[in-house]
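Asks: quick check, what structure comes out for this input:
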Amino acid sequence: MKPALILTLLMFVLASAALAQEPPPSNAPPSPATGVAPLPPAPDTSGIAPEASAPPNAGSAETPPSDTPEARETPLDADPFDVRVHRRLEDYNQRRAQREVEMNSYAEAGGSDPGLERYADPRKVQVELKDELDREQTSEQLANDYAEQAREVLSKEQALQDFVAKRQKTLDNLRKQNATVNRQDLEVALANLARQPDSPEVQAQMRDIDRKLSEAERLEKELPARQARAQQEAAGAADELAKLKELEQFYEKESKAFAADALSAHNNRLGLADRLEYYLVRAQAEDVLEQGHKAMQSVQHLSASPAVDKTLNSSGPAPAPKSDADLEQLKNCIQQSGDVQACHDKARQAQARERGNP
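Replies: Reported below is the predicted structural model:
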């Protein structure tokens, strides 16, 4: 790789690692993630499928998935809960199927041509990063959907609980009314007033007692039906309340499960980012080794020319041996001056004059 190519790959890995090390997502709707640079294209990608051989667009590895593969006329938030969940899963499965085709094409290319493997592996990891990001965000959306539905069911539970309490109160009131009304006392009072002398006061009291007696008779006839209806409504509401509680627990369980899936996908992205970093380090090492192998093959040591070797190996004139007089002069010079080097120089100069050398 050229240095610029290594720099591009390094920028991609650092951006992927930074994204993967973000904190786990909250329950808020996912926001678009930061894009990353594409991996450098392989020198020869003839074995890779057309859609896989082209380098991904910048930012495609970390662009949050759209709600649908194609434009939808109706936004997801406007759909009922079951339709919304079905659409999310359907769209996710379509996107994942496309990514699996792309990953398989890289795997086939790397298996058929070992030279492409070093380029196919990081591309596969890049697609896997996209897949885990999509799974994380889709799982988070589904967790929010189920949590919202659980809250809605909880509000319906509260309404049913209030209704059951209201019907229980109605039953208590009906029992109290039945206990306070005594037809026999009213009949006795009416008979006693009928024996008294006729007067406006007696007539008014009789009309009042007769009204109460008629009301008591009507209440006595209607009371069993009213009590049965109130009991039936309370029992039915209690049964529906139990079912709603089970449904709420189901929604909460699914919400937690999707939240766990989102966390799992987030952790997987951390591992995939580490894997991309490994591919970068290995690519750099392979580049250095490739350059080293080329350098080893082209090594050429520089040797001395034959003339140099001949000159160095030829024998020159042997130095003339020093006479006893020369040694005596050298000895006296050293004793007088103490400078060995200067004395040796004088001795050599004297010998050179004797030989006639300048």
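Asks: only C-alpha atoms from now on, for both contacts and neighbour counts.
Replies: OK.
Asks: what's the next secondary structure element after the strand or helix carrying I209?
Replies: If you go by DSSP states H and E, I209 is part of helix 200-297. Where DSSP H and E defines the elements, the next helix or strand beyond helix 200-297 is helix 306-313.
Asks: dump that next one to CSV, restricted to CA.
Replies: Extracted in CSV, the C-alpha atoms of helix 306-313 (Å, rounded to 0.1, in the frame of the first residue of the first chain):
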residue,chain,number,x,y,z
PRO,A,306,40.9,-5.7,-8.8
ALA,A,307,43.5,-2.8,-9.1
VAL,A,308,42.9,-2.0,-5.4
ASP,A,309,43.3,-5.5,-4.3
LYS,A,310,46.5,-5.8,-6.5
THR,A,311,48.0,-2.7,-5.0
LEU,A,312,47.2,-3.7,-1.4
ASN,A,313,48.5,-7.2,-1.9
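Asks: quick check: buried residues in it?
Replies: Neighbour-count burial for helix 306-313, counted by 16 or more other C-alpha atoms under 10 Å, picks out no residue.
Asks: chain center to that helix, what's the gap?
Replies: How far helix 306-313 lies from its chain's middle: 73 Å, per C-alpha atoms, centre = their mean, to the nearest Å.
Asks: tell me the mean pLDDT for it?
Replies: Mean pLDDT, helix 306-313: 79.
Asks: point out the other helices and strands that it packs with.
Replies: Helices and strands touching helix 306-313, by 3 or more C-alpha pairs under 8 Å, 6 or more residues apart in numbering; DSSP states H and E: there are none.
Asks: helix or strand right after the one helix or strand E100 maps to?
Replies: According to DSSP H and E, E100 maps onto helix 81-112. Downstream of helix 81-112, the next assigned helix or strand under DSSP H and E is helix 114-180.
Asks: by how many degrees do that following helix and helix 81-112 diverge?
Replies: 160 degrees (axes from the mean of the first three to the mean of the last three C-alpha atoms, to 10 degrees).
Asks: pLDDT of helix 114-180, averaged?
Replies: Mean per-residue pLDDT for helix 114-180: 86.
Asks: show me what that helix packs onto, helices and strands only.
Replies: With 3+ C-alpha pairs under 8 Å, 6+ apart as the test, helix 114-180 has helix 81-112, helix 200-297 packed against it.
Asks: of all the ones you listed, which lies closest to R123?
Replies: helix 81-112 (7.3 Å; C-alpha to C-alpha).
Asks: just the buried positions in that closest one, please.
Replies: 84-85, 87-89, 91-92, 95-96, 99, 102-103, 105-107, 109-110.
Asks: got phi/psi on S298?
Replies: phi -100, psi 20 (degrees, to the nearest 10).
Asks: S303 now?
Replies: With angles defined as degrees, to the nearest 10, S303 sits at phi -110, psi 160.
Asks: I'd like the helices and strands packed on helix 114-180 as a markdown table, with distance to K166 appended.
Replies: Formatted as a markdown table, those follow (distance: least, C-alpha to C-alpha, whole Å):
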| stretch | distance to K166 |
| --- | --- |
| helix 81-112 | 31 |
| helix 200-297 | 9 |
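Asks: so which of the ones you listed is nearest K156?
Replies: Closest of those to K156 is helix 200-297, at 7.8 Å (criterion: C-alpha to C-alpha).
Asks: before we move on, back to that, which elements pack onto the helix holding E100?
Replies: By 3+ C-alpha pairs under 8 Å, 6+ apart, helix 81-112 packs against helix 50-53, helix 114-180.
Asks: okay, the ones you listed in CSV with distance to L280 and mean neighbour count next?
Replies: Shown next, in CSV, are those (distance: least, C-alpha to C-alpha, whole Å; neighbours: other C-alpha atoms under 10 Å):
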stretch, distance to L280, mean neighbour count
helix 50-53, 19, 16
helix 114-180, 9, 19
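Asks: and these as TSV, adding distance to A352?
Replies: Output for those, formatted as TSV (distance: least, C-alpha to C-alpha, whole Å):
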stretch	distance to A352
helix 50-53	84
helix 114-180	74
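Asks: please report phi then psi for Q196.
Replies: With angles defined as degrees, to the nearest 10, Q196 sits at phi -80, psi 160.
Asks: burial of A204, as a residue count?
Replies: 11 (other C-alpha atoms under 10 Å).
Asks: please apply the same query to Y251.
Replies: Neighbours of Y251 under the rule other C-alpha under 10 Å: 21.
Asks: pretty sure it sits against A147.
Replies: Yes. Between Y251 and A147 there is a contact under C-alpha atoms under 8 Å: 6.5 Å.
Asks: neighbours of L244, how many?
Replies: Other residues lying near L244 total 18 when counted by other C-alpha under 10 Å.
Asks: please disregard the earlier target; I meant N268.
Replies: Neighbours around N268, by other C-alpha under 10 Å: 18.
Asks: list the buried residues of stretch 283-293.
Replies: A283, Q284, D287.
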